[in-house]
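In: A predicted structure for the sequence below; I have some questions about it.
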Number of protein chains: 4
Amino acid sequence: MNEKVFRDPVHNYIPVDNPIIYDLINTKEFQRLRRIKQLGSSSFTFHGAEHSRFSHCLGVYHLARRVIGIFEKKYPDIWNPEESLLTMVTALLHDIGHGAYSHTFESLFGTDHEEFTQKIITDSETEVNAVLKRVSPDFPHQVASVINHSYPNKQVVQLISSQIDVDRMDYLLRDSYFSGVKYGEFDLSRILRVIRPLENGIAFSSDGMHAVEDYVLSRYQMYMQVYFHPASRAMEVLLKNLLKRAQELYLDHKDFFRQSSPHLVPFFENQISLDDYLSLDDGVMNTYFQTWMTASDKIDKILADLAKRYTNRKVFKSISFEEDDSEKLAVLRDLVKSVGFEPDYYTAVHNNFDLPYDVYKPDSQQSRTQIEMIQEDGTLIELSQLSDLVRTLSGTIHGDRRFYFPREMLTSGGLFADSKTNFQSYISNKRFKDPKEAGQ
Amino acid sequence: MNEKVFRDPVHNYIPVDNPIIYDLINTKEFQRLRRIKQLGSSSFTFHGAEHSRFSHCLGVYHLARRVIGIFEKKYPDIWNPEESLLTMVTALLHDIGHGAYSHTFESLFGTDHEEFTQKIITDSETEVNAVLKRVSPDFPHQVASVINHSYPNKQVVQLISSQIDVDRMDYLLRDSYFSGVKYGEFDLSRILRVIRPLENGIAFSSDGMHAVEDYVLSRYQMYMQVYFHPASRAMEVLLKNLLKRAQELYLDHKDFFRQSSPHLVPFFENQISLDDYLSLDDGVMNTYFQTWMTASDKIDKILADLAKRYTNRKVFKSISFEEDDSEKLAVLRDLVKSVGFEPDYYTAVHNNFDLPYDVYKPDSQQSRTQIEMIQEDGTLIELSQLSDLVRTLSGTIHGDRRFYFPREMLTSGGLFADSKTNFQSYISNKRFKDPKEAGQ
Amino acid sequence: MNEKVFRDPVHNYIPVDNPIIYDLINTKEFQRLRRIKQLGSSSFTFHGAEHSRFSHCLGVYHLARRVIGIFEKKYPDIWNPEESLLTMVTALLHDIGHGAYSHTFESLFGTDHEEFTQKIITDSETEVNAVLKRVSPDFPHQVASVINHSYPNKQVVQLISSQIDVDRMDYLLRDSYFSGVKYGEFDLSRILRVIRPLENGIAFSSDGMHAVEDYVLSRYQMYMQVYFHPASRAMEVLLKNLLKRAQELYLDHKDFFRQSSPHLVPFFENQISLDDYLSLDDGVMNTYFQTWMTASDKIDKILADLAKRYTNRKVFKSISFEEDDSEKLAVLRDLVKSVGFEPDYYTAVHNNFDLPYDVYKPDSQQSRTQIEMIQEDGTLIELSQLSDLVRTLSGTIHGDRRFYFPREMLTSGGLFADSKTNFQSYISNKRFKDPKEAGQ
Amino acid sequence: MNEKVFRDPVHNYIPVDNPIIYDLINTKEFQRLRRIKQLGSSSFTFHGAEHSRFSHCLGVYHLARRVIGIFEKKYPDIWNPEESLLTMVTALLHDIGHGAYSHTFESLFGTDHEEFTQKIITDSETEVNAVLKRVSPDFPHQVASVINHSYPNKQVVQLISSQIDVDRMDYLLRDSYFSGVKYGEFDLSRILRVIRPLENGIAFSSDGMHAVEDYVLSRYQMYMQVYFHPASRAMEVLLKNLLKRAQELYLDHKDFFRQSSPHLVPFFENQISLDDYLSLDDGVMNTYFQTWMTASDKIDKILADLAKRYTNRKVFKSISFEEDDSEKLAVLRDLVKSVGFEPDYYTAVHNNFDLPYDVYKPDSQQSRTQIEMIQEDGTLIELSQLSDLVRTLSGTIHGDRRFYFPREMLTSGGLFADSKTNFQSYISNKRFKDPKEAGQ
């Protein structure tokens, strides 16, 4: 086919010259990714970060294509070009099963976006599956096996999913670009110069150690500065409380929800078909919330109020707390309740932690995902053996625990004047940390 | 108040230290702009251009603030600092009345986003209005009068709306950044060094002529390369045909539309309240289309099919034609009809033209909006007198006429085999231009 | 050979995998380009623009390599890969004959940097020649013939030298980057997508018209804003007057110049060997000036003073004048003389003009260098036929005439108080334009 | 005065509106910085890094001006605006005493660029001193005392010189920009938002911890990847050996050196006046080397050969070694000698180490330079207490020891065939690390 190109702010031109890739992009399942934001609630904090999973997935495909181009040219003995299409396709489709606000849905309704990724790829009803079968009857399952890490060739698996894969490489650059911070930038050109296929995996030439180290640090910084931002998490807990409330109301108000938010009903009933799942996107969810916000005063004040808060970005405030602060939190919840806010829906605890770099423990069950460096004599050495900084991050969990509550608890005047005083003096006395709401 | 900042990819930090500005940003009417894409259908062509009007409006406010800061410091005798808040507020709110797909709605339903901007600002029911009245009872009307150009001080009016205003400056930079092209970039720092208030307007020091000229050329390039892109316009005509079909079906299927797309009903009935208007955003519209797509097979095949094409980005193809080609177009419409596509909904004519720079004609009714340069001796001279290039663009209309039709007309095989041949040979014989679909 | 890379701020990595290219870079003649600034006196105005011809020449090689890579892959029937090495080598060496302050030297001593380029390539004494002959005995002459446009295959000639060649493409991007202006940026990726070899030349697909138009406009802007900057030209006229003075003093002070500035003597005597020529670089010239500045008070006050002014950047001031102002300039020269400045050395006239785009005139002698666009039907059309803006620039000469004089003429107090008044009132009365010294 | 601006690639516009600053920039001592490269030999490895100390010093001034502007506005009670001019002037002049290849000169001739900085500022013969005295008779000494850390107000001292000062902030950004790597970039905007004056020093708000941490890591990366690059160090050792040889030859060849390299003679004689010092710049040094290269065959073959190698970038090769490898190095030196290269001039040991972050030890003599963070309750905490990563870098010395030798030792054929084999097999057997020459 004639080469097509997509103009991309991160990678400039993204060329497509394989009809399978092009036709996959044009399936309805892939086009649907245009309607799902890559960073979910983060765009409420970083207003530029409104980019979609569509743009990220194209970027991941593009990086896979670049890496493969290098492997085919520089390592023809180690890389089998017959794996190339599989790698590019999997890169493109690795997130195809993401839904609106996936993480919240998963914790609330027990869905699993990776399971839906598998279904979209292997279910004969999808357009994606139809395109994939044009390669070979078995191709959809090959793609699925790469995604669930069971594909035998670990070169392909690790390119798509490991601690330094094309997915992470794209999202660090992309999320930096759109959020307007620079923390996620790393030296992609140098990484591409030192990446190498092994017999059964991926490694990096040790003279690129500092470039790889810098990548690990960039990832850490993005978690600290963007992904774990307290204000974004405030929107996530609000969303979760809102959906939890809706689910609880569902039994007594089936008609209301069937009419106002039909595609959520299967989730409430825990009978989710692929079609149901694919029907939900950011716009559909927001439309439901807007309906709840205006139409549900008769149904439930809390539902309506939470929907309004979410839609209009009335963000909860928060404090960070320590692991053994549970008694103090109980006091705070009581204070919140004392002014009329139901704590189950107006407060939340949110823990965000990340393992910036994870060293393989030979006796553990987990698959081997640490970053391997190739030394001059051909032996492999694990990255944290070479880098003090990476070793510092290894196995250390970073993040914090936060307690969320309505902004009104800190506002003077009105109904809440007294308890506000109580609330505020309590968090001062107990020396809770109350960081400024970052980003704004 | 403590200064708050918004991290912006285009301007880095956008500081807010005025509580009126901050509270306006937090109104529900302003937060709603997060749910409306700045470039509408263009993101179907430039996938990075998914930024919202929210981000643009913050940027316009920021540029207004920067210009005013310069005026207050460098030209205290000419610029009245009492106009500063008005200017910043108007910059922030100038697009508050934009709805989803405004241009299509305006041409189809006769709405006017500027009229809704006026309403949101002056209607006592809105949160925006409540905040504005805290400045003074008359303040909302002052803001409204700047937007409709009736405000007496033309310094303020021209900063907000003229051929080189803070609105255009932000959108050129922003649309460039997010679409990933560089064509809209210009030398903002230099423009800010040479911009000056006049007694009754805005001008630029003539030693910045080349920077201003470059700005005009950048704007021209963005029109040619991004805003007028044939594929984006294909999505616009598809959207228009879809909504037109819905409106025509409404009379006979009121229940269906009341249930599936309640907030569109007032538009079909031509009785649009402010609340109705504000209820529509991109997500709501897309949700309606998804409902039509799946639920309306019983209602109307064309509606369902067009909704599917729009949702899944099945873009129409197009050719450009000349003003006197109407007979040829009639032939093409007949050929489209001959294979079963109703031409009223499956074809369209779309003309896109822009006047990249418009010289003031003293005898015309229009307000004076050309760009004035101040020479060393203090006299003013209109930009196109100094720049051959701007003069070339002056009053010249750029753009083209395109005829859109289903992609199937060019596909071989299937039902359309014969007429496809006819269609394709006809457009070849008649030497229609058929440029490659840009962007991809 | 193993691929080597050069880290380049403009093109990121510049790979070299051909030993001929690598060995050419390591010749002493090529390394010498590190000691010659790309923009000569412009770095006195744009202090970032201190980059060398070495960096530019690597960039030109890199662009040639990219274009050839595209031609080999996309147009194997039209581009002969046997021309590829020749093209890359010529790109690398096209400026090898540039000396320190070439333009000033050429106008003063009648040298010609293109002639020295030919010599360096073909003279059997050079390291460059030795490397080139490893390709074939005739190879140096082939390279030389591309540079002097006599090589039969115009594809190669036009890639290296035409109105849109790899030389111009690199210097626009590079000079923009280092000077810190953005005016020279253009859409390189798109240009590389639409460039095509013809049977006997180079052309661009017409759907890239706006990208090519933008390139022409960027080039125009760089001339207007950077290359023609009055302050840079002030340093050029000062340098020229300084060297002119030295040459005139030479006859009476041979010993002084032989000792203080040995490598200039051959220029004064008009017997310049290749070795002499290659011995001069920016640092050597500046060293001579510093010697003249301190040691020559006994020889000549004017020489010492001009050397000081140049070394310490005491830039002349200037006014622009019209073609028929020669009588007025005579008055100004007299005023300069009246306070003790010898006008032949303390004033100068400098005309800077450029033809931003030059249409081929079929009856002229010049070689065909306009930009050709390929239309969909395969026919060629010259760019200015498609672009109003380029047509406006075509054949129009842009630039201005300036009269330079000592800054002291505008300073109050001291010796010059009275004549200053006269000088200043004269230029005011005669309405000379006296633009602010740009850049600072 | 009217504001003047310098166009800067890193900071865009650098405004100057104080006549003292402007006149300092125009002194001959400051203009001389245009002739000294910021990174010395690094431009032989990173060819873009040809920027001068002039550009860096302007940048440092600019950052000082920005910080002060923030302090004056946000902390009027803590920052005394009477210190502002002093701070900006010192920022501008902090490197005024740098000479060509300062570090090599200092280790060889015992000069001290900080001592010359003091002299240039306080010596009544300099133009700089004359400008400074216009502020007050004591002003030059105030500036000097900030530079030598004896000025009582530590706010000023730490802004100019501490682990996070305006000097380091500019050079990280600038060296990144010009070398074309991104490692030195950090979030300047955020640093400027969190920097605060203390009663007697500078600190950073603790909610900016990650931005400061990122700055420390960026600095570490620049050392590892750019400043310690083996190829740049190869040029430094070559330069040092060359100058050492010259110095040793001086006694027997005074006439030759007086004529060929007059401004070096005072260094050979260890009687260096300020004028002597200021006469040397990069161009003067290179001119001398070029003279030695061609003219000195009769004097000394080694001098001529080393001068050629330096001028034409014939870079030494190197291996890294361990602290206790001295016996092995002796073997290598013997092998180098066995083929006719005098080891004292053709080999070298070069150790490069840096302390990326240095925690204050209360019992040590050193001044307090660690980075202090201000917590919400107002108490100070040292950065490495908050950041695991910074603590990892604290007090850890990074870098390596390298042994340099002629590239010919690894070349096959010619005179060196046998010893080459010996040399190469020895370094293989002994498992010396022989990293590829980075950068190329």
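Out: Ah, there it is.

In: From now on I want contacts and neighbour counts done on CA atoms only, so please keep to that.
Out: Fine.

In: which parts of stretch A:164-173 are buried?
Out: Using 16 or more other C-alpha atoms under 10 Å in any protein chain shown as the burial criterion, the residues of stretch A:164-173 that qualify are A:164, A:165, A:166, A:167, A:168, A:169, A:170, A:171, A:172, A:173.

In: Any chance of those residues in JSON lines with secondary structure as columns?
Out: Conversion of the buried residues of stretch A:164-173 to JSON lines gives the following (DSSP: H, G, I helix; E, B strand; the rest coil):
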{"residue": "A:164", "secondary structure": "coil"}
{"residue": "A:165", "secondary structure": "coil"}
{"residue": "A:166", "secondary structure": "helix"}
{"residue": "A:167", "secondary structure": "helix"}
{"residue": "A:168", "secondary structure": "helix"}
{"residue": "A:169", "secondary structure": "helix"}
{"residue": "A:170", "secondary structure": "helix"}
{"residue": "A:171", "secondary structure": "helix"}
{"residue": "A:172", "secondary structure": "helix"}
{"residue": "A:173", "secondary structure": "helix"}
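
In: what does chain A put close to chain D?
Out: Selection of chain A residues close to chain D by C-alpha under 8 Å from any C-alpha of the partner chain yields A:181-183, A:186-187, A:207, A:210, A:214, A:221, A:224-225, A:376, A:388-389, A:392-393, A:435-436.

In: Buried members of those residues into ChimeraX, please.
Out: Only the buried entries of these go into this ChimeraX selection, using 16+ other C-alpha under 10 Å:
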select /A:181,182,183,186,187,207,210,214,221,224,225,388,389,392,393
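
In: Model confidence for the residue in chain A positioned nearest to chain D, exactly?
Out: Nearest to chain D in chain A, going by C-alpha to the nearest C-alpha, is residue A:389, at a distance of 6.0 Å. pLDDT recorded at residue A:389 is 93.

In: Skipping adjacent residues, who's closest to residue A:123 in space?
Out: Take residue A:123 and drop its neighbours on the chain: the residue closest to it by C-alpha to C-alpha, 6 or more residues apart in numbering or on different chains is residue A:129, 6.4 Å away.

In: That neighbour is in what secondary structure piece?
Out: Secondary structure assigned from DSSP states H and E places residue A:129 in helix A:127-133.

In: Buried residues of that helix, list them for me.
Out: For helix A:127-133, a neighbour-count test (16+ other C-alpha under 10 Å) marks A:127, A:128, A:129, A:130, A:131, A:132, A:133 as buried.

In: just checking, what packs against that helix?
Out: When contacts are defined as 3 or more C-alpha pairs under 8 Å, 6 or more residues apart in numbering or on different chains; DSSP states H and E, helix A:127-133 packs onto helix A:19-25, helix A:28-31, helix A:113-122, helix A:139-147.

In: one more time with 10 Å, if that's ok
Out: helix A:19-25, helix A:28-31, helix A:84-93, helix A:113-122, helix A:139-147 (3 or more C-alpha pairs under 10 Å, 6 or more residues apart in numbering or on different chains; DSSP states H and E).

In: Switch the ones you listed over to CSV; also include mean neighbour count.
Out: Below are the helices and strands packed on helix A:127-133 laid out as CSV (neighbours: other C-alpha atoms under 10 Å in any protein chain shown):
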stretch, mean neighbour count
helix A:19-25, 17
helix A:28-31, 21
helix A:84-93, 24
helix A:113-122, 21
helix A:139-147, 22
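
In: Tell me which of the ones you listed lies nearest to residue B:264.
Out: In terms of C-alpha to C-alpha, the element of those nearest to residue B:264 is helix A:28-31, at 24.5 Å.

In: Give me the domain ranges for chain A.
Out: By the record's domain assignment, chain A is partitioned as A:4-227, A:229-315, A:316-381+A:400-440 (automatic domain parsing).

In: tell me the strands in chain A, going along the chain?
Out: Counting by DSSP state E, chain A has strands at residues A:4-8, A:12-16, A:195-198, A:201-205, A:317-321, A:348-354, A:372-374, A:380-382, A:398-405.

In: which one of these is the most hemmed in?
Out: strand A:372-374 (a mean of 24; mean count of other C-alpha atoms under 10 Å in any protein chain shown).

In: So what touches it?
Out: Residues from elsewhere that reach strand A:372-374 (C-alpha atoms under 10 Å, 6 or more residues apart in numbering or on different chains): A:194-196, A:198, A:201-209, A:212, A:379-386.

In: For residue A:82, which of the strands of chain A is the nearest?
Out: strand A:195-198 (14.4 Å).

In: can you tell if that closest one touches chain C?
Out: No: Strand A:195-198 stays clear of chain C (C-alpha under 10 Å from any C-alpha of the partner chain), getting no nearer than 14.9 Å.

In: Which elements pack onto that strand?
Out: Judged by 3+ C-alpha pairs under 10 Å, 6+ apart, the packing partners of strand A:195-198 are helix A:53-74, helix A:154-160, strand A:201-205, strand A:372-374.

In: Just checking: what are the partner strands of it?
Out: Taking DSSP bridges as the criterion, strand A:195-198 forms sheet pairs with strand A:201-205 (antiparallel).

In: Quick one: residues in contact with the partner strand.
Out: Residues outside strand A:201-205 that contact it (C-alpha under 10 Å, 6+ apart): A:153-159, A:162, A:164-165, A:191-198, A:211-212, A:368-376, A:378, A:380-383.

In: Recalculate using a threshold of 8 Å.
Out: Strand A:201-205 has contacts (C-alpha atoms under 8 Å, 6 or more residues apart in numbering or on different chains) with A:153-159, A:191, A:194-197, A:371-375.
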